[in-house]
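Colleague: Turn this into a structure:
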Amino acid sequence: MKTYLIYPIILILTIIGTSCKKEFPNDPVGIKNLTVSGCKSREDLGKSFAPEYITLKTVDDYYLLFSHINSVFNCEPGQITVSVEILSNTVTINENESKAGLRCNCTYDITYKLGPLQYGTYTIVFQKGDITFKEYSLIFDKSTSVRIDL
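Modeller: Residues are numbered from 1 along each chain as shown. From the prediction side, this is the model:
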């Protein structure tokens, strides 16, 4: 009697195990959920120098959460935008401000989700106003979590 119960249980567990895999999304690759903080005051930054860095973390399986912390723009940048270009395994991220030229600077936190991307190795090119300020080789998988100091 017990052997009759084992086979259906194994079959059910096999079906559950194979059906839990997330399929690759059919969405077009792009930037989603862009948020930009306001200008950080000196009090926000504290008395010491606040470092500029970027974190990349896998979210929702095939997406990367980008956080550019303490990105420097002028104190009245207008609208801060982020664009992406993907050619082969090179991802170029370009941050821009709509009003340039003021002589005062502020730091901003910029966060967005990029994807969907297939797992693999990518060269990430970070630009500000079409000028490259950092290139980084990234191995993207379900557990990616890196900090890039600038």
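
Colleague: pLDDT-wise, which helix or strand of this structure ranks last?
Modeller: When the helices and strands of the chain are compared on mean pLDDT, DSSP states H and E, helix 42-45 comes out lowest with a mean of 58.

Colleague: what about the chain, any weak spots by pLDDT?
Modeller: 1-5, 7-8, 11, 13-22, 42-49 (pLDDT under 70).

Colleague: All the strands of it, residue numbers only.
Modeller: Applying DSSP state E to the chain gives strands spanning 30-36, 53-59, 63-74, 80-87, 90-97, 105-115, 120-128, 131-140, 145-149.

Colleague: Point out the one among the ones you listed that comes closest to residue 24.
Modeller: Evaluated over those, closeness to residue 24 peaks at strand 105-115, with 10.0 Å, by C-beta to C-beta. C-betas here are computed from N, CA, C, even on glycine.

Colleague: Can you tell me what sits against the closest one?
Modeller: With C-beta atoms under 8 Å, 6 or more residues apart in numbering as the test, strand 105-115 has contacts from 25, 27, 29-40, 45, 50, 52, 59-60, 62-75, 77, 80, 82, 84, 91, 93, 95.

Colleague: quick one, what contacts the residue lying closest to residue 97 once chain neighbours are set aside?
Modeller: Distances taken as C-beta to C-beta, 6 or more residues apart in numbering place residue 77 nearest to residue 97, at 3.5 Å, with adjacent residues excluded. Listed by C-beta under 8 Å, 6+ apart, the contact set of residue 77 reads 97, 98, 99, 100, 106, 108.

Colleague: Run a quick check on the third one versus residue 78, I expect a contact.
Modeller: Yes: in this structure, residue 99 sits in contact with residue 78. The criterion is C-beta atoms under 8 Å, and the distance is 3.5 Å.

Colleague: follow-up on the earlier one: what about burial for the contacts of strand 105-115, which qualify?
Modeller: Neighbour-count burial (16 or more other C-beta atoms under 10 Å) applied to the contacts of strand 105-115 gives 36-37, 52, 62-71, 73-74, 77, 80, 82, 91, 93, 95.
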